[in-house]
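> Quick one, structure for this:
(one chain, ligands or ions: 1)
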Amino acid sequence: MKTLLAAFLASIAFIWGWHALYSNALPPGDTLWLIRQEGLYLTGLLSISLMSLVMLLATRPAWLETPLGGMDRVYRLHKWAGILAIGFAAMHWLLEMSSDLIKASIGKAGRPSKADFAGFTGSFLRDFAEDFGEWVIYAMLIMLVLTLWKRFPYKFWHWLHRGMPVLYLMLVFHTVVLTPSAYWSSPIGALLAILLIGGTSASIMSLSGRIGKRRKVQASIVAIGQPSSDVTQISCQIENGWAGHQPGQFAFVTFNRLEGAHPFTIASADRGDGRLVFQIKALGDYTHGLAHRLSIGQEISIEGPYGRFDFRRGSPRVRQVWVAGGIGITPFIAWLEFLQDKGALDMPETVLHYSTRDACTDPFVRQLEQLCAKLPHVQLRVHDSKQGNYLTAEILARQHPPGKQAEIWFCGPQGMLDTLKAGLTRIWNGKLKIHQEAFQMR
Ligand SMILES: Cc1cc2nc3c(=O)[nH]c(=O)nc-3n(C[C@H](O)[C@H](O)[C@H](O)COP(=O)(O)OP(=O)(O)OC[C@H]3O[C@@H](n4cnc5c(N)ncnc54)[C@H](O)[C@@H]3O)c2cc1C
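Predicted coordinates:
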């Protein structure tokens, strides 16, 4: 992801640099004023380009799942591109504000004339566009703080976040009005136009509620269970239009239109009958007490499937280590169900490590034992925290000695992955590939 973002930024910067150096776009002026002016354009360009990318990624482009490795990664890219875009917007604003400081230190004499740089509109519109840009930067900085401040309730954050396309459209106006007219007849202008058109279409799609519409189907709840005090099991029947799913994929489920969609792994293999099972843990305010708010026969909407968390994407020759923490077991249940009638497939020996707080009250241990009993090539190891049996990098390393390459397929708390990763990178000496399904999108 870092490489992708770096390549994107480098390409924009390269085209800007080419324009600035070789097309005589630099006007005469004092160096400091020139640096400010070009810095203003570069940061603005990087910010709006990243923002356009953010808007495009927000449309849940399923075609990007294969190259990027799943919708959770598409969302991670969306998040980091957004953070960087706001960072560049803040730099852009600081550069804009620096004019008084430069004026005070070297005077106004070398300042490039506005006429050289102005876009193709009049001064009234320019002032208006500048004000728009400033308000948007303030709003985006507030949004950034709320995004990074994880204690801010997701529900409120989610509603505020839905206003981002409006801010983006205001930025498009700011950009179109203030981009120097010389840009529009050069490659940088062509690139900018493509990004702005793409971002604007994505914003309109978002504001008109069309994101994911083609992948949305209606279903009805056929069974509600409570296998443990904090887990709700929901079975639903899709009426029609479901093209099937791969084991390990997830869907956005809307139980209540006011609440909106929540992502949940489809914890069952596809049997071609439109029946899906979700195992939902009470991790927050909506999922808490969910079973009492649902009823048999209730209509729900399901958008998907999304995701590429599928062990068949791994190399068949490399040993696989599956690691699940708590409710992160759901994609593995779908995999095990899928494997039930498939024989050994062409897969290596695999160990599924399942970490649970208390194996005695855990709703999944029995099901996992039954599923694994029919699969000789998948061994189950349950790590029961209540008995002091924590899964550590040392335990993994002891059971899977270094030397041969290994692939880890992980779904569980981020902190657990970070600890295991740090330990295993050291012990396995870098011979480690990790596939993760992230349960976090914000
Ligand atoms: C790909 C994926 C698969 C998941 N699969 C499962 C599963 O099989 N079983 C399960 O119990 N949980 C799963 N989750 C987590 C589940 O989506 C959240 O626990 C649930 O949405 C929490 O909602 P809440 O309102 O109760 O919690 P809140 O207190 O509102 O939020 C808790 C956290 O849940 C996440 N979240 C909340 N609402 C949304 C939303 N609308 N969209 C995205 N994230 C949200 C946010 O990270 C938030 O910080 C999955 C998440 C993802 C991204």
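> element containing the residue minimising distance to the centre of the chain, please.
By C-alpha atoms, centre = their mean, the chain has its centre lying nearest to Y75, at 1.4 Å. Using DSSP states H and E, Y75 sits in helix 71-97.
> and if you look at A324?
Here A324 is assigned to strand 319-325, by DSSP H and E.
> Which elements pack onto that strand?
helix 330-339, strand 350-356, strand 406-411 (3 or more C-beta pairs under 8 Å, 6 or more residues apart in numbering; DSSP states H and E). Backbone N, C-alpha and C define where each C-beta goes, glycine included.
> Average pLDDT for it, rounded please.
Strand 319-325 shows a mean pLDDT of 92.
> near the ligand, anything from that strand?
No: applying C-beta under 6 Å from any ligand atom, one finds that strand 319-325 is not in contact with the ligand, the shortest distance being 10.9 Å.
> what's next to that strand, contact-wise?
Residues from elsewhere that reach strand 319-325 (C-beta atoms under 8 Å, 6 or more residues apart in numbering): 311, 314, 332, 335, 347-355, 391, 396, 400, 404-413, 416, 420.
> Mind giving me the PyMOL command for buried ones among the residues you listed?
PyMOL command restricting the contacts of strand 319-325 to the buried ones, with burial defined by 16 or more other C-beta atoms under 10 Å:
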select buried, resi 311+314+332+335+347+348+350+351+352+353+354+355+391+396+400+406+407+408+409+410+411+412+413+416+420
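> Any idea how many residues pack against the residue of the stretch 101-250 of the chain found nearest the ligand?
Residue nearest to the ligand within the stretch 101-250 of the chain: Y154 (3.6 Å; C-beta to the nearest ligand atom). Neighbours of Y154 under the rule other C-beta atoms under 10 Å: 15.
> what's the answer for R426, then?
11.
> doesn't it fall inside a helix?
Yes: judged by DSSP: H, G, I helix; E, B strand; the rest coil, R426 forms part of a helix.
> Next to the ligand, which bits of the stretch 251-400 of the chain? Give me the list.
260-265, 267, 279-281, 283-287, 327, 330.
> Between helix 330-339 and the strand holding A324, find me the angle.
130 degrees (axes from the mean of the first three to the mean of the last three C-alpha atoms, to 10 degrees).
> ok, strand 319-325: who's next to it in the sheet?
Strand 319-325 pairs in its sheet with strand 350-356 (parallel), strand 406-411 (parallel), by DSSP bridges.
> Among those, which one carries the weakest average confidence?
With a mean of 91, strand 406-411 has the lowest mean pLDDT of the strands paired with strand 319-325.
> quick one on the thing from earlier: just the pLDDT for the residue of the stretch 101-250 of the chain closest to the ligand.
For Y154, the model assigns a pLDDT of 86.
> Can you name the helix or strand that F278 falls in?
strand 275-281.
> can you give me the offset of that strand from its chain's centre?
22 Å (C-alpha atoms, centre = their mean, to the nearest Å).
> Show me what that strand packs onto, helices and strands only.
strand 216-228, strand 231-238, strand 262-265, helix 330-339.
> and if we set it to 6 Å?
strand 231-238 (3 or more C-beta pairs under 6 Å, 6 or more residues apart in numbering; DSSP states H and E).
> what packs against the strand it packs on?
Counting contacts by 3+ C-beta pairs under 6 Å, 6+ apart, strand 231-238 packs against strand 216-228, strand 275-281.
> Report the contact partners of the residue of the stretch 1-150 of the chain found nearest the ligand.
Of all residues in the stretch 1-150 of the chain, D72 sits closest to the ligand, at 5.1 Å by C-beta to the nearest ligand atom. Contacts for D72 (C-beta atoms under 6 Å, 6 or more residues apart in numbering) come out as A438.
> Pull the number of nearby residues for Y41.
Neighbours of Y41 (other C-beta under 10 Å): 21.
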